[in-house]
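Q: Give me the fold of what follows.
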Amino acid sequence: MPIKNRFAETHAEITGWRRHLHMHPELQFDVHETAQFVEDRLREFGITDITTGIGQTGVVAVIKGRTDTSGRVIGLRADMDALPIHEATGLEYASTVPGKMHACGHDGHTAMLLGAAQYLAETRNFDGTAVMIFQPAEEGGGGGREMVKDGLMDRWNIQEVYGMHNMPGYPVGEFAIRAGALLAATDEFVLTITGQGGHAAAPHEAIDPNIAAAHVMLALQSIASRAVDPLKNVVVSVCAVHSDTDAFNVIPQSISMRGTVRTLDADVRDLAETKLKQITDLTAQAHSCTADIVYERGYPATVNAELNTEYAAEAAASIAGSVDTNTPPIMAGEDFSYMLEERPGAYIMIGNGDGATVHHPAYDFDDEAIPAGCSWFAEMVERRMPIDA
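A: A predicted model of the protein is given here:
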């Protein structure tokens with residue numbers, strides 16, 4: 001089955017929703033206007049079973065099929081929040097909020113799930129229950145975790161859960177997926193190396209934390225090159241370095257480094273944390289300094305269940321004609337992972353074409369992907385809960 005005809009008919013309407021959301025971005029859990037927009041559209045579709053405030057500001061809508069002999073419940077999820085970025089697209093529908101921008105395509109994800117909800121509410125051509133999940137705070141807030149804590153899976157008896165993200169650099173409307181880990185666990189660290197400050201002209205009278213910090217930064221790269229199996233994935237990045245002085249002639253008392261560790265495998269995640277702490281502590285000692293280490297685990301890896309990946313790929317292939325089922329893992333993170341820890345499911349990528357990558361001030365979601373994305377959401381419901389089963 002190609003793109004559903006209904007989405008060709010409603011493409012302009014859904015595009016209008018997407019561009020409205022793009023013009024009015026909100027951050028993390030503060031997505032009150034976005035959630036209200038979602039709720040208003042859902043009610044216009046005739047959906048009455050709507051719950052707000054899940055995971056603080058999430059919206060959950062239930063659509064019953066024409067029949068319910070299967071007892072099956074499928075969850076579909078889209079994220080709603082934007083990023084603290086100044087938009088640089090110059091588009092007529094550019095952000096109207098300074099310093100906030102939909103630079104990751106969550107406006108597109110939300111609009112596509114709304115489009116699917118409209119179609120499913122009209123046709124109800126399935127046997128079971130479809131649960132539409134509109135999630136806040138994917139960008140660092142852990143909204144997926146908070147919705148799960150609020151009972152998302154148990155309260156609505158969700159048995160399988162599926163999500164989608166746009167993929168710049170991949171042909172518009174085409175799909176890519178893989179079984180197993182698709183996106184990485186995202187951990188963060190702050191390392192503070194303390195020595196003894198002094199005059200830059202008399203370094204022998206000080207204990208320079210710069211030297212220790214430089215050795216730590218370089219040594220951390222041995223985690224990937226020497227500690228971890230070369231056939232497994234790990235990224236250790238020191239992304240910011242700060243001292244307690246900006247003077248040209250002062251050796252600082254302390255240096256702070258912060259960064260991220262990305263892994264796809266739970267054992268590698270444990271090993272990377274252990275090695276980071278050992279390297280930092282012992283390297284600091286070797287230079288007569290002390291180390292304070294703060295290591296915080298973030299989102300877990302996004303792991304697609306094998307069977308559900310097959311279901312997702314089959315639906316995508318029916319729309320696009322083919323699907324890449326062995327796309328390489330991506331070392332970015334995604335808090336849909338919390339939902340996949342609770343229920344079997346899969347996360348799929350949809351092509352966004354050429355242009356700026358996500359989290360860039362020139363990024364824009366390609367509205368030409370909307371019919372394919374809506375079709376995939378709807379197809380997952382109709383395929384997993386066929387009315388003639």
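
Q: Quick check: buried residues in the top helix by length along the chain?
A: Taking DSSP state H as the criterion, the chain has its longest helix at helix 266-286. Buried residues in helix 266-286, counted by 16 or more other Cβ atoms under 10 Å: 268, 269, 271, 272, 273, 275, 276, 279, 280, 281, 283, 284. Every C-beta, even on glycine, is put in place using the N, C-alpha and C of the backbone.

Q: Adding distance to residue 308 and pLDDT, write the residues you listed out as TSV.
A: TSV is the format used below for the buried residues of helix 266-286 (distance: Cβ to Cβ, whole Å; pLDDT from 0 to 100):
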residue	distance to residue 308	pLDDT
268	24	98
269	23	98
271	28	98
272	28	98
273	29	98
275	33	98
276	33	98
279	38	98
280	39	98
281	42	98
283	44	98
284	46	98
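
Q: Would you format the residues you listed as TSV with distance to residue 56 included?
A: Shown next, in TSV, are the buried residues of helix 266-286 (distance: Cβ to Cβ, whole Å):
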residue	distance to residue 56
268	32
269	27
271	34
272	31
273	29
275	36
276	32
279	38
280	35
281	38
283	41
284	40
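
Q: ok, so of those residues, who is nearest residue 13?
A: Nearest to residue 13 among the buried residues of helix 266-286 is residue 269, at 43.5 Å by Cβ to Cβ.

Q: and that closest one, what does it touch?
A: 185, 187, 261, 263, 297, 301 (Cβ atoms under 8 Å, 6 or more residues apart in numbering).

Q: Just the ones of the residues you listed in strands?
A: Among the contacts of residue 269, the residues falling in strands (DSSP state E) are 185, 187, 261, 263.

Q: Quick one: residues contacting the spatially most central residue of the chain.
A: Centroid-nearest residue in the chain, with Cα atoms, centre = their mean: residue 334, separated by 2.8 Å. Listed by Cβ under 8 Å, 6+ apart, the contact set of residue 334 reads 138, 165, 183, 299, 302, 347.

Q: same deal with residue 132?
A: 42, 59, 60, 61, 62, 63, 76, 113, 116, 117.

Q: at 6 Å what do you get?
A: When contacts are counted by Cβ atoms under 6 Å, 6 or more residues apart in numbering, residue 132 touches 61, 76, 117.

Q: got it, and residue 106?
A: Applying Cβ under 6 Å, 6+ apart, the residues near residue 106 are 79, 80, 81.

Q: Just the ones in strands from the residues you listed, please.
A: residue 79.

Q: Pipe the contacts of residue 106 into TSV and attach neighbour count, distance to residue 220 and pLDDT per row.
A: Output for those, formatted as TSV (neighbours: other Cβ atoms under 10 Å; distance: Cβ to Cβ, whole Å; pLDDT from 0 to 100):
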residue	neighbour count	distance to residue 220	pLDDT
79	29	31	98
80	29	35	98
81	27	31	98
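
Q: Which one of the contacts of residue 106 is nearest to residue 3?
A: For the contacts of residue 106, with residue 3 as the reference and Cβ to Cβ as the criterion, the closest is residue 79, at 23.0 Å.

Q: Tell me the bridge partners for that closest one.
A: Note on residue 79: beta-bridge partners by DSSP bridges are residue 135.

Q: before we move on, what about residue 348?
A: Assessed by DSSP bridges, residue 348 has beta-bridge partners residue 164.

Q: in the host helix or strand of residue 182, what's buried?
A: Here residue 182 sits within strand 180-183, counting by DSSP states H and E. Going by neighbour count (16+ other Cβ under 10 Å), the buried part of strand 180-183 is 181, 182, 183.

Q: what does stretch 304-312 give?
A: Those would be 304, 305, 308, 309, 311, 312, for stretch 304-312 by 16+ other Cβ under 10 Å.

Q: try stretch 140-154
A: Quick answer for stretch 140-154 (16+ other Cβ under 10 Å): 140, 141, 142, 143, 144, 145, 146, 147, 148, 150, 152, 153.

Q: likewise stretch 77-89?
A: In stretch 77-89, counting by 16+ other Cβ under 10 Å, buried: 77, 78, 79, 80, 81, 82, 83, 85, 87, 89.
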